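Engineer: A structural model of the following input is requested.
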Amino acid sequence: MKKISYQRHRFSPHIIQHAVWLYARFTLSYRDVEDLLAERGLDISYETVRQWFLKFGEPIARNLRSIRPTPNDIWHLDEMVIVIRGKRYWLWRAVDSEGEVLDFLVQSKRNTKSALKLMRKLLKKRGFAPTQIVTDKLKSYHKAFRTLGLTAEHIDNKRLNNRAKNSHLPVRRRERKMQKFKSPGSAERFLNIHSATYNTFYVQRHLLNRIHFKQIRNEAFDVWATASTAT
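Structural biologist: Down below sits the predicted model:
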């Protein structure tokens, strides 16, 4: 994990980290973050918040991923449609059985080539093959898995893939708030930061009592503070 340099910036690292966290963690616009900071007496424009997010979001996301525990070996794969400048794209996403976002890919096609690209990316980053993969009935997955020679159990049942379907909801909310993504590249840059932050703060609170939830939440704040530490 690398420490992040905040040199040559007018505001303190703590303020910059807080602004990036607000935008990555909640369904807010840059102007919303500007208003929240203004309420605390900080005169910071939304454009400054945008520049901070683009500059510091990615290194923070890398640090967050480097200290995450290893996800489990049951993977759920699914695709969702996103519209960018009037053109349909497919956002391919993979999560584990606990809802941890494993990876994603923005592609113009919904075919075997895209499925192969996602799986190769997953296997390279994770360093291990899953024991079970759950997908919908898209035939491209079958062809991709045969090409890669995967021996994992493949369940192609739409109802059993609700874990992946439900994981699309935070992305869909952000897409609406941002009034759609502006380009495939900007979508991947944002989702790279968003997914790392989401994994850090995501807990199934309905399964936890208040004391346990507070403990996990405080640990998440500690992880964020560590990942965004200044040099």
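Engineer: quick check: residue 114 touching residue 105?
Structural biologist: Yes - judged on CB atoms under 8 Å, residue 114 makes contact with residue 105 at a distance of 6.9 Å. (Glycine included, C-beta is placed from N, CA and C.)
Engineer: who touches both of these two?
Structural biologist: residue 92 (CB atoms under 8 Å, 6 or more residues apart in numbering).
Engineer: what residues are up against residue 66?
Structural biologist: Shown in contact with residue 66 (CB under 8 Å, 6+ apart): residue 1.
Engineer: swap in residue 75?
Structural biologist: 94-97, 102, 122, 130, 132-134.
Engineer: now with 10 Å, please.
Structural biologist: 94-97, 100, 102-103, 119, 122, 126, 129-135, 152, 163-164 (CB atoms under 10 Å, 6 or more residues apart in numbering).
Engineer: same check, this time on residue 1
Structural biologist: Applying CB under 10 Å, 6+ apart, the residues near residue 1 are 59, 62-67, 226-227, 229.
Engineer: and the helices in the protein, which stretches?
Structural biologist: Along the chain, counting by DSSP state H, helices occupy 13-25, 30-39, 46-66, 112-126, 139-148, 162-177, 184-201, 210-227.
Engineer: mean pLDDT and distance to residue 79 added to the ones you listed, as a markdown table?
Structural biologist: Formatted as a markdown table, the helices of the chain follow (pLDDT from 0 to 100; distance: least, CB to CB, whole Å):
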| stretch | mean pLDDT | distance to residue 79 |
| --- | --- | --- |
| helix 13-25 | 97 | 24 |
| helix 30-39 | 97 | 29 |
| helix 46-66 | 97 | 22 |
| helix 112-126 | 95 | 8 |
| helix 139-148 | 95 | 9 |
| helix 162-177 | 93 | 9 |
| helix 184-201 | 96 | 14 |
| helix 210-227 | 94 | 29 |
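Engineer: nearest spatial neighbour of residue 93, chain-adjacent residues omitted?
Structural biologist: Distances taken as CB to CB, 6 or more residues apart in numbering put residue 104 closest to residue 93, at 4.5 Å, once the chain neighbours are dropped.
Engineer: now that neighbour: how far from residue 89?
Structural biologist: 12 Å (CB to CB, to the nearest Å).
Engineer: joint contacts of those two?
Structural biologist: Here residue 104 and residue 89 have 80, 187 as joint contacts, going by CB under 10 Å, 6+ apart.
Engineer: residue closest to the middle of the protein?
Structural biologist: residue 195 (1.2 Å; CA atoms, centre = their mean).
Engineer: OK, contacts around that one?
Structural biologist: 24, 61, 64-65, 93, 95, 100-104, 167, 170-171, 202 are the contacts of residue 195 under CB under 10 Å, 6+ apart.
Engineer: no further queries at this time; thank you.
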